[in-house]
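Trainee: Quick one, structure for this:
(chains A and B)
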Amino acid sequence: MSNVPAHNGVGLEQQFAGLGLEGRDHTGPRGGGRGGRGGGRYIPPHLRNRLDECPPDNEEISSLNVSGRRNGDVQTNTFQRRDNRGGGAGGYRGNDGNRFREPDDRWRGGRDNRSDNRGAYDDRSRDGGGGGINGPPRNNRWVEDERDRSGVSGSRWQERSNQQDDWSQPLARNEVLEAELFSNSGTVSNSGINFDKYDDIPVEATGEDIPASISSFADIKLTEIIRQNISMARYDRPTPVQKYALPFILSKRDLMACAQTGSGKTAAFLVPILNQIYEQGPVQVKNNNPRGRNKQYPLALVLAPTRELATQIYDESRKFSYRAKVRPCVVYGGADVVAQMRDQSRGCHLLVATPGRLADMIDRGKVGLDYVKFLVLDEADRMLDMGFEPQIRRIVEEDNMPPTGRRQTLMFPATFPKEIQRLAQDFLDNYIFLAVGRVGSTSENITQKIVWVAEDDKRSFLLDILNAAGLDRLSNANKDDKLAIVALPPQEESLTLVFVETKKGADALEEFLYRHGYPVTSIHGDRSQREREDALRVFRSGQCPVLVATAVAARGLDIPHVKHVINFDLPSDIEEYVHRIGRTGRMGNLGLATSFFNDKNRNMVRDLVELLQEAQQELPKWLEAIASESRWGGGTRGRTGGKRFGGGFGSRDYRQADRSKASHTTGPARPGGGFSNFGGAAPHFNHYGGYGGFSGGNSGYNNYNASGASGTDWWGN
DNA sequence: AAAAAAT
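Mentor: Numbering: from 1, shown residues only, chains lettered A, B, ... in the order given. Predicted structure coming up:
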């Protein structure tokens, strides 16, 4: 217990002190400094305390660009971008347009169009209508950016007006951009959301001095920008994870939150982080790298395991930074690094990245982490699974990022294995542990069906299912006419996601379905980034309501309206299964998951049966029989040595928690399940030890990868 | 033996 209460007595005031305002006393533990909550006109802290902020002579304020003065090269680039977008016909804008019109591309993911067009994609998504369609890209933010830069270039800090320093006031509206960012919000987020189910989701917070949770967004003081963007995104009510994480993060605590992506997690960290940045205003950046042109120093860094997830988080961040001077950026591999750097040079306050590309950017001297005050590791457990730990540690520990305690660090894993606990030990300071039950996945939101299908029958069985779904497809007469397929109406209400185990299998199955006239596309890791994005887009939009996917799409992706997940091939471990079926039943909607089971899948039968029972799903007799048969042969339960969940908890704990409806309080471990398995984890006391009950013996759910006694794994071993 | 991720 390293913290006395006084330690926790610092509220927002300390945040601001931490944000480059060293050497100034705050006015007492919980004094007048609570972010202007006291009443009267809201004054952002950085303006209330202007006198304290005067930068030393050798520093200049650079909200957007450290080098401040933009050199000729960059300006040339800038103008090229504008021309391209305005002109429409030439440059990547033209390609972009073509891509949408080209029928083959449109529904098959544009596989033939190889040129890397991430730049084009960026232009479109970022500035939206600002440019391409209606002439010059007069994005208001852009205009503001220029003004900021001119303020910077003189290095005369005092001349900057309050107006310019104040990031808490919204910029003028931009209706085109607004439409782009928020047009989908209403229909998508509100249709069929089961908020009653939401309220049932158990949540538990553990740690010292836990701030009160909220029940409405109105319960916390948020800047006007955030409030308006929340309402435009139609986030009427906070989700469970938001109810807790928002006040925690706003009160400057480190956080370990075990929650799924569909739980509203992304907004749960973006809202409070961006809000703090808006309140804080520009940060003074020491120009310690005069030769590094356009080096950017983001204030917030979000790391995500996959490119698609990074893109998704970035898209969300654009909503919450609409009308703000704060500019989000995203970088990831597989896309044009030059285009990404160019985009960054326009300013980068919140950076979303996959680890590899970020490390690359750091090496190139284009990104500095010296001023990162908010660090988020999204899907942290998966990043470790994927072997990112060295890169994460390199980024966090070996590159000038403010150390633990001087930045705010938030980790969002889905599970809490030992590796994550170790990382928490190193990265987090006096953190709050937040456990949120699954929103969908194993809950009753998803109907899980297991059917016995022999390997040879899988395809025809799949066709039966798709036929029953009533999808529009091409007649035999024109099934080879790709143009005709484009004419199919979007069927966004009945998206079907088909998982296979191998990339080859994905290709083959897509081809098979295509030959049968289905509007299908596919995604896997051997596709170019462009193809992956296109596939996801046409799937989301309903243009291709059937998507064949490998594990690349299993986790984190939030695609509304996935009605049906089909495990054409069951995965070999239950965790993967849980993630896959979690693509449906998002945000409280109902979903269906059908899995083809045969001899190849015996290895996971017991975990599967157990999961079905705990989720109160129908359990086929034959499956039960196989399970008990396999138990007879001697199983893997109780063996030690599980790597991924050693000592910690696996998904089982969530499943238990789902049903136990643990109280929303902190407390000592309670025997008998529920969140005592989290709570008992007592992250502050016991990082390395097991939690008792789940670390060994017959209760050891540690060994997900072990194969069953009589079965083989998917590969036939 | 699969998949993911920087080139």
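Trainee: Okay, now the unreliable bits of chain A?
Mentor: Low-confidence segments of chain A (pLDDT under 70): A:1-164, A:184-200, A:261-262, A:287-293, A:438-444, A:474-490, A:492, A:555-557, A:586-588, A:631-717.
Trainee: can you list the domains in chain A?
Mentor: A:1-54, A:72-144, A:203-284+A:291-436, A:446-632 (automatic domain parsing).
Trainee: Comparing the ones you listed, which comes out most buried?
Mentor: Each of these was scored by mean neighbour count; the highest is domain A:203-284+A:291-436, a mean of 22, by mean count of other CB atoms under 10 Å. From N, CA and C alone the C-beta is placed, and that goes for glycine too.
Trainee: ends of that domain, how far apart?
Mentor: 5 Å (CA to CA, to the nearest Å).
Trainee: could you check whether it is close to DNA strand B?
Mentor: Yes. Between domain A:203-284+A:291-436 and DNA strand B, judged by CB under 7 Å from any atom of the strand, the touching residues are A:305-308, A:332-335, A:337, A:353-360, A:363, A:385-388.
Trainee: which residue packs closest to whatever residue of chain A ends up closest to DNA strand B, ignoring adjacent ones?
Mentor: Closest contact between chain A and DNA strand B, by CB to the nearest atom of the strand, is at A:G525 (1.3 Å). With sequence-adjacent residues excluded and distances taken as CB to CB, 6 or more residues apart in numbering, A:G525 is closest to A:V552, at 5.1 Å.
Trainee: quick one, helices of the stretch 401-550 of chain A?
Mentor: Taking DSSP state H, counting those that start in this stretch, the helices of the stretch 401-550 of chain A run over residues A:418-427, A:458-468, A:482-486, A:503-515, A:529-541.
Trainee: can you put these in a markdown table and add distance to A:Q312?
Mentor: Listed next are the helices of the stretch 401-550 of chain A as a markdown table, based on distance: least, CB to CB, whole Å:
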| stretch | distance to A:Q312 |
| --- | --- |
| helix A:418-427 | 22 |
| helix A:458-468 | 27 |
| helix A:482-486 | 26 |
| helix A:503-515 | 21 |
| helix A:529-541 | 9 |
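Trainee: So which of these is nearest A:K265?
Mentor: In terms of CB to CB, the element of those nearest to A:K265 is helix A:418-427, at 15.4 Å.
Trainee: so A:G356 is in which element?
Mentor: For A:G356, the host element (DSSP states H and E) is helix A:355-363.
Trainee: Which parts of the stretch 251-400 of chain A are helices?
Mentor: Going by DSSP H, counting those that start in this stretch, the stretch 251-400 of chain A shows helices at A:265-280, A:307-320, A:337-345, A:355-363, A:380-385, A:389-397.
Trainee: so what secondary structure elements neighbour the second one?
Mentor: The one in question is helix A:307-320. With contacts defined as 3 or more CB pairs under 8 Å, 6 or more residues apart in numbering; DSSP states H and E, the packing partners of helix A:307-320 are helix A:118-127, helix A:175-182, helix A:224-232, helix A:265-280, strand A:300-303, strand A:328-331, strand A:350-353, helix A:529-541.
Trainee: now for the helix holding A:G356, which elements pack on it?
Mentor: By 3+ CB pairs under 8 Å, 6+ apart, helix A:355-363 packs against strand A:300-303, strand A:328-331, helix A:337-345, helix A:389-397.
Trainee: at 10 Å what do you get?
Mentor: Contacts defined by 3 or more CB pairs under 10 Å, 6 or more residues apart in numbering; DSSP states H and E place helix A:355-363 against strand A:300-303, helix A:307-320, strand A:328-331, helix A:337-345, strand A:350-353, helix A:389-397.
Trainee: Any idea which of these gets closest to A:V376?
Mentor: Proximity to A:V376 (CB to CB) singles out strand A:300-303 among those, at 4.3 Å.
Trainee: for that closest one, packing partners?
Mentor: Short answer (3+ CB pairs under 10 Å, 6+ apart): strand A:300-303 packs on helix A:265-280, helix A:307-320, strand A:328-331, strand A:350-353, helix A:355-363, strand A:374-378, helix A:389-397, strand A:408-412.
Trainee: gap between the two ends of stretch A:416-433?
Mentor: Counting by CA to CA, the terminal residues of stretch A:416-433 are separated by 10 Å.
Trainee: Might you enumerate the residues of the stretch 451-600 of chain A proximal to DNA strand B?
Mentor: Residues of the stretch 451-600 of chain A lying near DNA strand B by CB under 7 Å from any atom of the strand: A:501-505, A:523-526, A:550-552.
Trainee: can we see that at 6 Å?
Mentor: A:502-503, A:524-526, A:550-552 (CB under 6 Å from any atom of the strand).
Trainee: from the residues you listed, which two are the most distant?
Mentor: A:D526 and A:A551 (12.6 Å).
Trainee: and for these two, which residues touch both?
Mentor: Common contact partners of A:D526 and A:A551 (CB atoms under 10 Å, 6 or more residues apart in numbering): A:K503.
Trainee: on that earlier part again, could I get the domains of chain A as TSV with distance to A:W167?
Mentor: Shown next, in TSV, are the domains of chain A (distance: least, CB to CB, whole Å):
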stretch	distance to A:W167
domain A:1-54	8
domain A:72-144	10
domain A:203-284+A:291-436	5
domain A:446-632	28
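Trainee: Go through those domains and name the closest to A:V176.
Mentor: domain A:72-144 (3.0 Å).
Trainee: Quick check: nearest residue in space to A:F597, chain neighbours excluded?
Mentor: In space, and not counting its chain neighbours, A:F597 is closest to A:I450: 5.1 Å by CB to CB, 6+ apart.
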